[in-house]
Every structure is written in structure tokens, then in C-alpha cells.
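Asks: Using only what follows, build the 3D model:
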Amino acid sequence: MSTPKMRRAIVIGAGFAGEGHTRALQHCGVEVVGLCGREPEIVRARADTLGISLASNDWRATLEQVRPDIVAIATPAVLRREIIEAAVAQGCHLFCDKPLATTAAEAAALCQLVEAAGVKHAFAATRRYEPSVVWLAELVASGVIGRITQATYHVSAHLSPPLPWSWALSLDQGGGLLNGHFPHLLSILERVLSGTLSRATGQAKFAIDRAPIIPGIHDFRDWGARADTLTPEELESAEWRTCDADTSYSARLRFVTPTGEVPVTLISGPEVGAAQLCLRGQHGTLIAQGEAAFRIFHNAQELPVPERLIAALPKLGGGCEDRWAALAKEFIANICGEPHAPYLTFLDGGRYQEAIEAIRSG
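Replies: Residues are numbered from 1 along each chain as shown. I've put the predicted structure just below:
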């Protein structure tokens with residue numbers, strides 16, 4: 001892919017995702033000229049670390065000043081609609097984290113907006129780029145176990161107290177485990193099965209009804225550093241807010257695939273033991289141990305991930321950063337009119353939001 005020297009971007013959101021989006025775009029040759037966030041000291045420090053000259057607390061002014069080709073959105077979902085509307089009005093292409101919106105209706109409106117404007121748009125549910133996920137998809141497509149008849153996917157991810165209050169614990173702001181976690185798993189299943197989700201139902205659980213406001217917590221990394229040192233006295237004296245976000249969930253899903261429909265039972269919660277995706281076919285079973293980075297077994301024999309797939313994933317620092325860069329690579333190639341692999345867009349984010357609401361409604 002040629003280097004898009006003239007492409008310029010701003011990133012809105014200075015937390016973990018904002019850093020990841022920045023590094024991913026920079027890796028693809030994009031000049032990130034501005035970083036926007038709500039806390040001046042944090043934005044300035046993150047911008048300096050990332051080599052960005054403009055650190056701003058006013059994304060609207062930055063958008064008008066820079067007039068970038070690309071806007072990356074790494075804010076809570078509740079803030080995204082006005083950003084997307086303003087960016088589309090300038091003809092900017094959009095790189096957005098998940099979830100796309102706070103509701104399916106809002107997501108549908110955003111899909112209509114970007115499609116009508118003709119801008120490129122990417123939706124960052126990126127665990128589908130894990131080399132082991134790609135390998136599992138290749139094994140399924142090769143017919144090693146024949147036509148897939150059913151699957152179960154058990155992951156231990158859940159939210160449990162004590163947690164500090166944040167937007168992630170508020171449905172109105174786009175929080176909840178379904179919004180933050182389920183899109184990744186759905187993207188994995190669609191890639192592995194080479195299919196599309198056609199039906200979803202399920203149940204969400206709500207185990208946290210209130211949480212303390214802890215000063216100095218900007219994102220989950222800050223909480224990881226503070227959690228073990230927080231005293232009972234600090235918790236007792238803290239202000240507490242109510243929470244309504246789902247903390248675990250289960251779902252029954254159905255996918256339309258090239259070889260027929262495949263039912264999938266998905267459980268994510270504290271009751272799950274070892275994380276595992278089990279694919280049952282006409283001629284055997286594939287077991288993928290792990291939540292997303294899998295060890296894959298067929299007839300009790302491990303099938304290691306080929307080195308070619310490991311080498312194909314960008315190397316920025318491991319985990320999320322590498323996967324954001326994999327998506328950015330295809331997104332930028334599309335903007336530049338160059339060959340690219342299919343990638344998730346706002347249209348997929350809208351579909352995922354419909355499934356989230358179906359599961360949450362029970």
C-alpha cells in the first residue's frame with residue numbers, strides 16, 4: 001500500500017482507544033495533527049507522547065481549524081452523533097470505536113447519514129483480526145469438520161464490583177458489557193462462520209446498581225493502578241451514583257452461512273469457567289480455547305497458527321493496538337482507492353446495535 005502522504009486526521013478521545021486509534025493511523029502513514037479530550041493536562045501529555053502538536057479541549061474548533069481528511073472517534077457513544085454529523089458536513093471519513101451509538105435507532109440514523117454523504121466509514125470491532133481467529137476461519141472454510149451444525153461460545157468476561165463510576169456503567173452513555181464486549185465476539189463469529197447474524201435473543205444481567213466516584217480515574221488503566229490501594233475509608237466517603245448497565249449476558253444467535261444456518265449459544269459471565277468456542281460439524285469438532293486469541297484443537301491435536309498469519313498482523317505493541325492497525329490498513333487503502341480486504345463499517349455497527357437491543361430486551 002502506498003503511503004497516503006496528504007491524509008491528515010484528528011482523533012477525538014484521549015483515553016486508551018484514542019491512543020490506539022492514533023497509533024494505528026500513524027502506522028498507516030496518516031498524519032495525526034490533533035488530539036481532543038476533556039481534561040487539558042491529560043490531553044497535552046498524551047499528545048506529547050504520541051508526537052501530536054495540537055492538544056485541544058474543543059473538538060469543534062479543532063475540526064474547523066484543521067479540516068482533516070479523517071476523524072477518529074474514541075469517545076463514549078453518547079457523544080458520537082454530534083461529532084459524526086459535524087465531520088460528515090466537512091466530508092471527513094470516519095474511524096469509529098464500538099458501540100456505534102447508544103440505541104439501534106440512533107445507529108440507523110448515522111448509517112443513513114454517512115451513506116448519503118458518500119464518506120468512508122470503519123467500525124472498530126477488531127478481534128476478528130487475531131491470527132488465531134483468521135486461522136479458525138480458514139479451517140472451517142476448508143471443510144475439515146464438514147458443514148458446521150452448531151456452536152457454543154463461553155467467555156468469562158463480566159463486570160463486577162468494586163468498580164468506579166464511569167460512562168461504562170450507564171446505558172444512556174453507551175455503557176454496558178453488551179455494548180463494549182459483544183461486538184468483538186460477534187465479529188469473531190461472523191468471520192469464523194463466513195456468515196451474517198440473522199437472529200438474536202437472550203438475557204442481560206445487572207449486578208451493579210451503584211458505584212463510587214473516584215477522583216483521578218481517566219480510563220481503566222488508572223483504575224487498575226488504584227484498585228488495590230483504595231481504602232474502605234475512601235469508599236465510604238465517596239459520592240456514589242446509580243448504575244444501570246448490563247454486567248453479563250447470554251444469547252441464542254443464528255447465522256446465515258454459505259452451507260446453511262448455524263445456531264450459536266453464547267454465554268458471557270462469572271459462571272463460565274475456561275473460555276472456549278466449540279464448533280460442531282458433520283465430521284467432527286473444532287475446539288478453540290480462549291476468549292479471542294485461541295489455541296485450536298481437532299481430535300485432541302493442536303493445530304498451531306501458521307506463521308504467515310502471525311506475520312500479517314501489524315506489530316505496534318500487541319493486542320488492541322495491532323488489531324486497530326489491521327482495520328486502519330484496509331480503511332486507508334479504501335480511502336486511497338487501492339485494493340483492500342472487506343472490513344466492518346457503520347452498517348455492521350448498526351446491525352450489531354439491533355442485536356444488542358434484542359438481547360437486552362430479553
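Asks: Could you use CA atoms for every contact and neighbour count after this?
Replies: OK.
Asks: any idea how far the closest residue to W135 other than its chain neighbours lies from S142?
Replies: Counting by C-alpha to C-alpha, 6 or more residues apart in numbering, the nearest residue to W135 once its immediate chain neighbours are dropped is V305, at 6.2 Å. For V305, the distance to S142 under the criterion C-alpha to C-alpha, to the nearest Å works out to 15 Å.
Asks: And the two? Which one has more around it.
Replies: With neighbours defined as other C-alpha atoms under 10 Å, V305 and S142 compare such that V305 has more, 17 against 10.
Asks: May I have the phi/psi pair for L347?
Replies: For L347, the backbone dihedrals are phi -60, psi -40 (criterion: degrees, to the nearest 10).
Asks: In terms of secondary structure, what does the helix or strand where E82 lies contact?
Replies: Secondary structure here is read from DSSP states H and E; on that basis E82 sits in helix 80-89. In this structure, helix 80-89 makes packing contacts with helix 59-66, strand 70-73, strand 93-97, helix 104-117, judged by 3 or more C-alpha pairs under 8 Å, 6 or more residues apart in numbering; DSSP states H and E.
Asks: can I get those in JSON lines with mean neighbour count?
Replies: Written out in JSON lines, the entries for the helices and strands packed on helix 80-89 read as follows (neighbours: other C-alpha atoms under 10 Å):
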{"stretch": "helix 59-66", "mean neighbour count": "16"}
{"stretch": "strand 70-73", "mean neighbour count": "26"}
{"stretch": "strand 93-97", "mean neighbour count": "26"}
{"stretch": "helix 104-117", "mean neighbour count": "17"}
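Asks: Figure out which of the ones you listed is closest to K205.
Replies: helix 104-117 (19.6 Å; C-alpha to C-alpha).
Asks: follow-up on the earlier one: now the helix holding E82, how far from the chain's geometric center?
Replies: Remark: helix 80-89 is offset 19 Å from the chain centroid, using C-alpha atoms, centre = their mean, to the nearest Å.
Asks: which parts of that helix are buried?
Replies: 80-81, 83-84, 87-88 (16 or more other C-alpha atoms under 10 Å).
Asks: same check, this time on stretch 323-342
Replies: For stretch 323-342, burial by neighbour count (16+ other C-alpha under 10 Å) applies to 323-335.
Asks: Among those residues, which lie within helices?
Replies: Among the buried residues of stretch 323-342, the members found in helices (DSSP state H) are 323-335.
Asks: which one among those gets closest to G195?
Replies: Proximity of those to G195 (C-alpha to C-alpha) peaks at L327, which lies at 19.1 Å.
Asks: I figured the closest one was touching A124, is that so?
Replies: Yes - using C-alpha atoms under 8 Å, L327 and A124 qualify as a contacting pair, with a distance of 7.2 Å.
Asks: ok, back up a step: same list (the ones in helices among the buried residues of stretch 323-342) but as JSON lines, adding pLDDT.
Replies: Formatted as JSON lines, those follow (pLDDT from 0 to 100):
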{"residue": "R323", "pLDDT": "97"}
{"residue": "W324", "pLDDT": "98"}
{"residue": "A325", "pLDDT": "98"}
{"residue": "A326", "pLDDT": "98"}
{"residue": "L327", "pLDDT": "98"}
{"residue": "A328", "pLDDT": "98"}
{"residue": "K329", "pLDDT": "98"}
{"residue": "E330", "pLDDT": "98"}
{"residue": "F331", "pLDDT": "98"}
{"residue": "I332", "pLDDT": "98"}
{"residue": "A333", "pLDDT": "97"}
{"residue": "N334", "pLDDT": "97"}
{"residue": "I335", "pLDDT": "97"}
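Asks: could you dump these to JSON lines with distance to R38?
Replies: Rendered in JSON lines, the data for those read as follows (distance: C-alpha to C-alpha, whole Å):
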{"residue": "R323", "distance to R38": "26"}
{"residue": "W324", "distance to R38": "23"}
{"residue": "A325", "distance to R38": "25"}
{"residue": "A326", "distance to R38": "28"}
{"residue": "L327", "distance to R38": "26"}
{"residue": "A328", "distance to R38": "25"}
{"residue": "K329", "distance to R38": "28"}
{"residue": "E330", "distance to R38": "30"}
{"residue": "F331", "distance to R38": "27"}
{"residue": "I332", "distance to R38": "27"}
{"residue": "A333", "distance to R38": "31"}
{"residue": "N334", "distance to R38": "31"}
{"residue": "I335", "distance to R38": "29"}
